[in-house]
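*Asks:* sequence plus predicted model, see below.
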Amino acid sequence: MGEDKEAILKLVREYHRGQAEGEFVPGRTPVLTSGAVLDEEDRAALVEAALDMRIAAGPSARRFERDLARYFKRRKAHLTNSGSSANLLALTALTSPQLGDVRLRPGDEVITAAAGFPTTVNPVLQNGLVPVFVDVELGTYNPTPEAIAAAIGPRTRAIMTAHALGNPFAAEEIAELARQHDLFLIEDNCDAVGSRYRGKLTGTFGDLSTVSFYPAHHITVGEGGCVVTNDLALARLVESIRDWGRDCWCEPGEDDRCLKRFDQKLGTLPQGYDHKYIFSHVGYNLKSTDLQASMGVTQLRRVEEFGAARRRNWRLLREGLDGVPGLLLPEPTPGSDPSWFGFVLTVEQDAPYTRRELVAFLEERRIATRRLFGGNLTRHPAYEDVEFRVSGDLSVSDIVTEDTFWIGVYPGITPEMIDYVVGSIREFAGVPR
Ligand SMILES: Cc1ncc(COP(=O)(O)O)c(C=O)c1O
């Protein structure tokens, strides 16, 4: 590293240390639901990428992809510009003509949870497929394997659903169900990096899984995401569709990795048409940049530390709120060890207060709250005129829409803050400690 660069990065680290946050003042300092937790290494990595002017994907993108694949013990990870793009890519890959008879075709069904984030579902619609909504379970907020099994119909070809707020769905059982019925499984792992089910990381059970690196998530690069898979053929499809739909898999700046750049005949193109410009998919450009990836490399080093803080905060809330009347507390899926995204609360039907009152009280105290994203997605204007099927009823998703919200457990929250949150909720419910 040049001397100038070294001096600049030293200053950047010093600058970072000078940005230390003030003391927590209950009622004044906001207790957020989520946020980026960045250290001097993240700041230095970002500045170093900027100093090098690595403004497109480059060495850090390749390194971060390798690190992610190693972390998940999968063959490939492909960076994208968001978790939503990762979902779009993962599902679109399954529609590739290169998959032959097993590819998803317009009108085929994909089973998904009714309550959650819209961009878990939207790729299904964006590909002309039909979502089949199943209800979630109160307490875990995931669909059960039984609900998914009951939803399988003659045109069902895939399951694509999220580990709700970090809580794994019964991934082994659902993956087995998928195998038995020849269905693809995509795990939306955007909210659950570091969670485990039966000892295995979530994101490693499905054919493909996705991650978001938005600041609310377990590790962040600002805007970003990735698609993870152990299947090299699927990985090629993801890469092609991410990179404009091209057939060639040379890295940017590379020219002839296949050693047949001017020696191929595809489609009705002339023999030897430059492989760099042969397109085998109707693709997108959903790539990321080295600015983001450089920070991803440093953030990923802290994933276990972040997970430990999330688990600690969740446990302190769970213990502190035990026995508060009117509140249904969250439950980890049996056999799981969640790296929690948030702490979900449902105000029971017969509680002496409403969710609205409790949320207003907390927000007044500067304790931030969020909804379980869209709640029952079928009730949103966006889905009024689209084709979907509902399996069973969506009564729990409706309860989630009315009575459920969540509060933060992210690593920026300290035990002192949790104490304040617990004390506030207990005071509201009339059961002070
Ligand atoms: C379950 C789930 N999937 C996908 C996304 C989309 O991620 P991004 O914001 O990176 O597009 C989110 C966003 O929070 C999410 O919670």
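*Replies:* Nice, thanks for sending it over. Numbers count the residues shown, from 1 in each chain.

*Asks:* let me see the contact set for Ala69.
*Replies:* Neighbouring residues of Ala69 by CB atoms under 8 Å, 6 or more residues apart in numbering: 75-77, 228. Quick note: C-beta positions are derived from backbone N, CA and C, even for glycine.

*Asks:* those helices in the stretch 301-433 of the chain, which residues are they?
*Replies:* 303-321, 355-364, 395-403, 415-429 (DSSP state H, counting those that start in this stretch).

*Asks:* rewinding a little: list just the nearest of the contacts of Ala69 to Glu146.
*Replies:* Val228 (27.1 Å; CB to CB).

*Asks:* A helix includes that closest one, no?
*Replies:* No: Val228 is assigned strand when assessed by DSSP: H, G, I helix; E, B strand; the rest coil, not a helix.

*Asks:* who's the nearest residue to Asp207 once chain neighbours are set aside bridged to?
*Replies:* Excluding the flanking residues, the one nearest Asp207 by CB to CB, 6 or more residues apart in numbering is Phe184, at 5.0 Å. With DSSP bridges applied, Phe184 shows beta-bridge pairing to Ala158.

*Asks:* contacts only, for Ile236.
*Replies:* No, residue 236 isn't Ile; it's Arg. Trp249.

*Asks:* that one and the ligand, how far apart?
*Replies:* Look at Arg236 and the ligand: by CB to the nearest ligand atom, to the nearest Å, they are 23 Å apart.

*Asks:* so which bits of the helix or strand hosting that residue are buried?
*Replies:* Assessed by DSSP states H and E, Arg236 sits inside helix 232-242. Of the residues in helix 232-242, 234-242 count as buried by neighbour count, 16 or more other CB atoms under 10 Å.

*Asks:* out of those residues, which one sits closest to the ligand?
*Replies:* Distance to the ligand, by CB to the nearest ligand atom, is smallest for Arg242 among the buried residues of helix 232-242, at 14.4 Å.

*Asks:* follow-up on the earlier one: can you pick the most crowded of the contacts of Ala69?
*Replies:* Val228 (29 neighbours; other CB atoms under 10 Å).

*Asks:* residue contacts, the closest residue to the ligand within the stretch 1-150 of the chain?
*Replies:* Proximity of the stretch 1-150 of the chain to the ligand (CB to the nearest ligand atom) peaks at Gly83, 2.7 Å away. Neighbour list for Gly83: 119, 188, 190, 210-214, 217, 225 [criterion: CB under 8 Å, 6+ apart].

*Asks:* go on, Val400?
*Replies:* Per CB under 8 Å, 6+ apart, neighbours of Val400: 115, 136, 141, 346, 372, 375-376.

*Asks:* for it, give its distance to Phe343.
*Replies:* In this view, Val400 and Phe343 are 15 Å apart by CB to CB, to the nearest Å.

*Asks:* picking up where we left off before, strands - which of the contacts of Ala69 land there?
*Replies:* 76-77, 228 (DSSP state E).

*Asks:* go through those residues and name the one nearest Pro168.
*Replies:* Looking across those and measuring by CB to CB, the closest to Pro168 is Val228, at 15.2 Å.

*Asks:* for Phe24, what are its contacts?
*Replies:* 414, 416-417, 420.

*Asks:* and if you look at Pro97?
*Replies:* Arg103.

*Asks:* need the pLDDT of it.
*Replies:* On pLDDT, Pro97 comes in at 97.

*Asks:* swap in Ile159?
*Replies:* 99.

*Asks:* Ala69 too?
*Replies:* 98.

*Asks:* tell me the secondary structure for it?
*Replies:* helix.

*Asks:* mind checking how far it is from Asn81?
*Replies:* 19 Å.

*Asks:* can you pick the most crowded of the contacts of Val400?
*Replies:* Ala115 leads those on contacts (other CB under 10 Å) with 29 neighbours.

*Asks:* and the residue nearest to that one when sequence neighbours are not counted, how many neighbours does it have?
*Replies:* For Ala115, ignoring the flanking residues on the chain, the nearest one in space by CB to CB, 6+ apart is Ser397 at 4.0 Å. Here the count is done by other CB under 10 Å, and Ser397 has 28 residues near it.

*Asks:* swap in Met53?
*Replies:* Count around Met53 with other CB under 10 Å applied: 10.

*Asks:* show me what contacts Asp337?
*Replies:* 195-197, 311 are the contacts of Asp337 under CB under 8 Å, 6+ apart.

*Asks:* where does the protein come near the ligand, residue by residue?
*Replies:* Residues of the chain lying close to the ligand by CB under 6 Å from any ligand atom are 82-84, 87, 116-117, 119-120, 162, 188, 190-191, 212, 214, 216, 225.

*Asks:* pick out the residue closest to the middle of this structure.
*Replies:* Cys190 (0.8 Å; CA atoms, centre = their mean).

*Asks:* before we move on, the earlier item: going by distance to Gly283, which of the contacts of Asp337 wins?
*Replies:* Of the contacts of Asp337, the one sitting nearest to Gly283 (CB to CB) turns out to be Ser195, at 31.0 Å.

*Asks:* now for that closest one: which residues touch it?
*Replies:* Applying CB under 8 Å, 6+ apart, the residues near Ser195 are 163, 166-168, 189, 201-202, 307, 336-340.
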